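**Student:** Need coordinates for the below:
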Amino acid sequence: MPAGALLVIGDVVTDVVARHTAALSHGTDTAAEILILPGGAGANVACWAARRGCADVRLLGRVGRAEAGWHEERLRSAGVRPLLVPDDGAPTATVIALVDASAERTFLTDSGAVLRISPADWSPSLLDGVGHLHISGYLLFAESSRELARLAMASARARGVPVSLDPASAGFIRGAGAPEVLAELDDVDVLVPNADEACLLTGLTEPADAAARLSRRVPLTVVTLGAGGALVAESGAVTARVPAPRASAVDSTGAGDAFTGAFLAARLAGADPASAAAEGCRAGAEAVTLIGGRPAQPVPPHAG
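**Tutor:** The predicted structure is shown next:
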């Protein structure tokens, strides 16, 4: 992978994270710890890439005008250059993440401005100095954002810039249909699905088989397995099985994004796929020990 900046195109989200230790009590109250945090798969990937040593990370996304400043500030503090388009017609996307005692999460998603990003928000000049383009798969699930993703990927292909894509959501893949999602992968060089997404896209039950099959379509496919680590598949065969470090999980939100960000940062620094996947696994293990989907921010010296 050539050196240069990492450009991420994807979702910027306001996360409402509700951690509950008791089972949800339908029709009444359930005690929870509730936090409002910056999130979004695309934004999280960008922040983790910066955390893991990528010196020039850029993020193109669409947010509600009222929240644009808040999100820009948090991206800059994480080392990411925000290229946010303010939207006057829709608020920033919001996700309610219900996190249970086992650290598993269930999402309620209002996509808001995310899927209103369009080809009008794209310019080939956004690829100036870029060594890799990453697309958040959430953009594939609405017409306007899908057209933007196609345009950006074609522009990258014309410049010889490698493209990666995270399929983003098993639920959305079920809704759209696997053939429709697979049809969008012609300009993708690196695919980073989780096991559920990989199996849905192929109709296979074993993640290793799914990884191998997907890598016939996308030359490098890396399937994340949560605590089981990751599988690296290249050109039709699994070439590495990478274990994950042990971690005391409190919230699995953003673990896959952490993996992807660290993996891409390592690849941009020259790592081979297996070594980059190991970096991704280390970042994912760190992510599950944190609340929310972003890396921990250092406390300023004057704070507290």
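**Student:** drop to CA atoms for contacts and neighbour counts, all remaining ones
**Tutor:** Will do.
**Student:** which sections of the stretch 201-304 of the chain are below the confidence cut-off?
**Tutor:** Scanning the stretch 201-304 of the chain for pLDDT under 70 picks out the ranges 297-304.
**Student:** If we use 50, what do you get?
**Tutor:** Residues of the stretch 201-304 of the chain meeting the criterion pLDDT under 50: 298-304.
**Student:** What ranges does it have for its strands?
**Tutor:** Assigned by DSSP state E, counting those that start in this stretch, the strands in the stretch 201-304 of the chain fall at 220-224, 230-234, 237-242.
**Student:** which one of those is the most hemmed in?
**Tutor:** Across the strands of the stretch 201-304 of the chain, the average number of neighbours (mean count of other C-alpha atoms under 10 Å) peaks for strand 220-224, which reaches a mean of 29.
**Student:** roughly how far out does stretch 229-241 sit from the chain middle?
**Tutor:** Distance of stretch 229-241 from its chain centroid, counting by C-alpha atoms, centre = their mean, to the nearest Å, is 20 Å.
**Student:** Check what contacts that stretch and list those residues.
**Tutor:** For stretch 229-241, contacts defined as C-alpha atoms under 8 Å, 6 or more residues apart in numbering pick out 208, 211-225, 242-245, 273-274, 277, 281.
**Student:** With stretch 50-62 instead?
**Tutor:** So stretch 50-62 is in contact with 4-12, 42-43, 46, 49, 78-87, 92, 113-114, 116-117, 261-262, 265-266, 268-269, 295, going by C-alpha under 8 Å, 6+ apart.
**Student:** Arrange the strands of the stretch 201-304 of the chain in CSV, one row each, with distance to Glu184 as further columns.
**Tutor:** Listed next are these as CSV, based on distance: least, C-alpha to C-alpha, whole Å:
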stretch, distance to Glu184
strand 220-224, 15
strand 230-234, 19
strand 237-242, 22
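**Student:** Out of these, flag the one nearest Phe172.
**Tutor:** Closest to Phe172 of these, according to C-alpha to C-alpha: strand 220-224, at 17.7 Å.
**Student:** quick check: angle from the closest one to strand 230-234?
**Tutor:** With axes from the mean of the first three to the mean of the last three C-alpha atoms, to 10 degrees defining the directions, strand 220-224 sits at 170 degrees from strand 230-234.
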